[in-house]
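**Q** kindly return the folded structure for what I paste below:
(one chain, ligands or ions: 2)
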Amino acid sequence: MDDCIFCKIIKGEIPSTKVYEDASVYAFRDIHPMAPVHILVVPKEHIACADDINDDNCVCVARIFAAIAKIAKQEGLTNGYRVINNCGRDGCQSVKHLHFHILGGKQLPENMG
Ligand code: 5GP
Ligand code: ZN
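**A** Ligands and ions are numbered 1, 2, ... in the order given. Next up, the predicted model:
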């Protein structure tokens, strides 16, 4: 997707602070962190949102979660963390490339909204 900022980050056209990369997953620090650790984990393949996950592309989600476990260890999140995906307008998704937020490094609020 030519106009997608996360595709541009994956290609290196927009700079990012990379924390993890493999053949199908890229992870980088959120530009506006909401917690001491705030990382975005994305599939390299452009998938717009959770609604567009299907039988043909869903393997990338398993790879993302395998990456999340590695990243959590790498970041020292031994007390736990939260994984969030915002989807669509009601979910307040602002970037239309599937991404999972890892939030941690402090006690997070119980309220999920
Ligand atoms: P959403 O609201 O779509 O779930 O989350 C998008 C996230 O992407 C936001 O937390 C926002 O701070 C982050 N973000 C938006 N543009 C950039 C960028 O250019 N670089 C980085 N590192 N994060 C970004
Ligand atoms: Zn994209």
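**Q** residues contacting C87?
**A** Neighbouring residues of C87 by Cβ atoms under 8 Å, 6 or more residues apart in numbering: C49, A50, D51, Q93. Any C-beta I mention is one placed from the backbone N, CA and C, and that applies to glycine too.
**Q** what is the nearest of those residues to ligand 2?
**A** Minimum distance to ligand 2 across the contacts of C87 is 10.7 Å, recorded for C49 (Cβ to the ion).
**Q** could you pull up phi and psi at the closest one?
**A** Recorded main-chain torsions at C49 are phi -170, psi 180, according to degrees, to the nearest 10.
**Q** for R63, same thing?
**A** Backbone torsions of R63, given as degrees, to the nearest 10, read phi -70, psi -40.
**Q** just the pLDDT at it, thanks.
**A** The model reports R63 with a pLDDT of 98.
**Q** that one touches Y26, doesn't it?
**A** No. The criterion here is Cβ atoms under 8 Å, and R63 misses it with Y26 at 10.9 Å.
**Q** which one's more surrounded, those two?
**A** Neighbour count, other Cβ atoms under 10 Å: between R63 and Y26, Y26 has more, with 23 against 16.
**Q** secondary structure element for that one?
**A** Assessed by DSSP states H and E, Y26 sits inside strand 25-29.
**Q** OK, contacts around the residue nearest the centre of the chain?
**A** By Cα atoms, centre = their mean, the mean C-alpha position of the chain lies nearest to V41, the distance being 2.5 Å. V41 makes contact with Y20, V25, Y26, A27, I64, A67, I68, I71, H99, F100, I102, according to Cβ under 8 Å, 6+ apart.
**Q** having no further points to raise, I will conclude here.
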